[in-house]
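A.B. asks: Quick one: sequence plus predicted model below, questions after.
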Amino acid sequence: MADLTISQVSSSYQGKPVLQNLDLQVEAGEILALLGPSGCGKTTLLRAISGLQPVSDGSIHVGSRLVSSAEYMMPSEHRGLGMIFQDYALFPHLNVAQNIGFGLQALSSQARTKRIDEMLELVKLNGLGERYPHELSGGQQQRVSIARSLAYKPDVLLLDEPFSNIDAQVRGQLMAEIRAILKQQQVTAIFVTHSKDEAFEFADRLALFKEGRIVQTGTPEQLYFNPKELYVAEFLGEGNYIDAQVYSDNQVVTPLGLVTSSAKLDADPKASYRLFLRPQQIQLAASDTGPAVIKERRFLGNYCYYTVALAEHQIQVRSQLTQLQLGQQVSLSTHAHPLVLFEQ
Ligand SMILES: Nc1ncnc2c1ncn2[C@@H]1O[C@H](COP(=O)(O)OP(=O)(O)OP(=O)(O)O)[C@@H](O)[C@H]1O
């Protein structure tokens, strides 16, 4: 059974719908990112899961327990959830050990001390138990917040933009460490972010939001290489949209030539399409008789980012061939893969 099940959930503020018919499941031990631009409803869904926002339709279950429906709202503190916030939300008048031990009142003093020590070790803050939050860096405060939440073993951990206030230089490292902790402890987690880079780095699976709806869920690879809508393709990074006509059940004709799909195409031979190709899905080769010309070149270390002119088309290519120069004639090709076509 999934650790969290959201079925047909809708919610509104003052009669204005904000979440519309959401369906989502989070499996045990999985980290799922709620991803989308500002104002699309990610935080509202997190609030609905945690019991701070009523739902007008549908249901939310944690494990097999109903926690929210239009008729029922279980109090937040009974839901078995942990919360991590952008601003850490530590108690300023309690030291680190007291913050971590805050939810452990039911344990004996000895068991509590043992658990606090385990948690300090887990988040690599051994020896800092006596410090107060204002004596810690942002990254250290967020570690305390993780330790405090995990100390009472929540069924599901909710993280609301937890890395936004962390200095960019240490953010990547902190994300990797916290992800490793969640995986080691097999924690089921939901992570809200508007950054695709953070979602890719931190989550196992993504749910991409648009105006209160989830448009696609899947692994980062699935959404990146197999977007179901233009919106998904564009949100997750740069790509080329190349005019295409169906040629056979696994080939299309494009300005690049005949492009082959490794999967049978589900397309109408009479319709016009745009073939979607990420910059790294196009291969370049220097060729004095090639039909295209390098117009721009950005050297980025391991690879170059080229703008290539092919007749009236400008095509973006990311290539490990770094020696191609401006004005060089090239040929373009693609390896067979499941093609993504958007109808014109
Ligand atoms: N308390 C509120 N009262 C009325 N409308 C609200 C309230 N909170 C949020 N909204 C509206 O609901 C919509 C969704 O907001 P929400 O905070 O869930 O978005 P979000 O995707 O989390 O955005 P962000 O990344 O900026 O936090 C927005 O249009 C917002 O203006």
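C.D. replies: Done, it's in.

A.B. asks: longest helix of the chain?
C.D. replies: Across the chain, the longest stretch assigned as helix under DSSP state H is helix 168-184.

A.B. asks: Just the residues contacting that one, thanks.
C.D. replies: 29, 31, 122-124, 137, 139, 142-143, 146, 150, 157, 162-163, 166, 187, 189, 198, 201-202 (Cβ atoms under 8 Å, 6 or more residues apart in numbering). The way it works is simple: take the backbone N, C-alpha and C, and place the C-beta from them, glycine included.

A.B. asks: Go again with 10 Å.
C.D. replies: With contact meaning Cβ atoms under 10 Å, 6 or more residues apart in numbering, helix 168-184 is reached by 29-31, 84, 122-124, 137-140, 142-143, 146-147, 150, 157, 159, 162-167, 187-189, 191, 195, 197-198, 201-204.

A.B. asks: in it, what's buried?
C.D. replies: 171, 174-175, 177-179, 181-182 (16 or more other Cβ atoms under 10 Å).

A.B. asks: just to revisit the earlier point, okay, and which of the contacts of helix 168-184 map to strands?
C.D. replies: Among these, the members falling in strands (DSSP state E) are 31, 84, 157, 159, 188-189, 191.

A.B. asks: Next, format those residues as CSV and append pLDDT, distance to Leu275 and neighbour count.
C.D. replies: CSV is the format used below for the ones in strands among the contacts of helix 168-184 (pLDDT from 0 to 100; distance: Cβ to Cβ, whole Å; neighbours: other Cβ atoms under 10 Å):
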residue, pLDDT, distance to Leu275, neighbour count
Ile31, 97, 33, 21
Ile84, 88, 41, 23
Leu157, 94, 40, 21
Leu159, 95, 37, 27
Thr188, 96, 38, 21
Ala189, 96, 36, 27
Phe191, 95, 33, 28
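
A.B. asks: among these, which two are most distant?
C.D. replies: Ile84 and Thr188 (13.5 Å; Cβ to Cβ).

A.B. asks: you'd agree Glu312 is up against Ile242?
C.D. replies: No. Using Cβ atoms under 10 Å, Glu312 makes no contact with Ile242, being 11.8 Å away.

A.B. asks: which residues do those two both contact?
C.D. replies: Contact criterion Cβ under 10 Å, 6+ apart; residues shared by Glu312 and Ile242: Pro255.

A.B. asks: Neighbour count for those two, which is higher?
C.D. replies: Each of Glu312 and Ile242 has its neighbours counted (other Cβ atoms under 10 Å); Ile242 has more, 20 against 6.

A.B. asks: on that earlier part again, keep only those of the contacts of helix 168-184 that are in helices.
C.D. replies: Short answer: the contacts of helix 168-184 in helices (DSSP H) are 122, 138-140, 142-143, 146-147, 150, 197-198, 201-202.

A.B. asks: Just the buried ones from those residues?
C.D. replies: 122, 138-140, 142-143, 146-147, 150, 198, 201-202.

A.B. asks: So which residues of the stretch 1-150 of the chain form strands?
C.D. replies: 4-13, 16-26, 31-35, 57-62, 65-69, 81-84 (DSSP state E, counting those that start in this stretch).

A.B. asks: ok, now which ones touch the residue nearest to Leu230 when sequence neighbours are not counted?
C.D. replies: Nearest non-adjacent residue to Leu230, counting by Cβ to Cβ, 6 or more residues apart in numbering: Phe342, 5.5 Å away. Phe342 sits next to 227-230, 233, 241, 244, 273-276 when contact means Cβ under 10 Å, 6+ apart.

A.B. asks: okay, the residues you listed in TSV with pLDDT next?
C.D. replies: TSV is the format used below for those (pLDDT from 0 to 100):
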residue	pLDDT
Pro227	96
Lys228	94
Glu229	94
Leu230	94
Ala233	96
Tyr241	95
Ala244	95
Tyr273	95
Arg274	95
Leu275	96
Phe276	96
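
A.B. asks: Quick one: these as TSV, columns for neighbour count too.
C.D. replies: Shown next, in TSV, are the contacts of Phe342 (neighbours: other Cβ atoms under 10 Å):
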residue	neighbour count
Pro227	23
Lys228	15
Glu229	13
Leu230	15
Ala233	22
Tyr241	17
Ala244	25
Tyr273	22
Arg274	19
Leu275	24
Phe276	21
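
A.B. asks: Now flag whichever of the buried ones among the ones in helices among the contacts of helix 168-184 is closest to the ligand.
C.D. replies: Set against the ligand, the nearest of these by Cβ to the nearest ligand atom is Glu198 (12.0 Å).

A.B. asks: Does that closest one touch Ile31 like I think?
C.D. replies: No. Assessed by Cβ under 10 Å, Glu198 is found out of contact with Ile31, at 11.5 Å.

A.B. asks: Mutual contacts of these two, please.
C.D. replies: Joint contacts of Glu198 and Ile31 (Cβ under 10 Å, 6+ apart) are Phe191.

A.B. asks: Give me the spatial nearest neighbour of the spatially most central residue of the chain, chain neighbours excluded.
C.D. replies: With distances taken as Cα atoms, centre = their mean, Ala199 lies nearest the centre of the chain, 2.6 Å away. Leaving aside its sequence neighbours, Ala199 sits nearest to Ala33 (Cβ to Cβ, 6+ apart; 3.9 Å).
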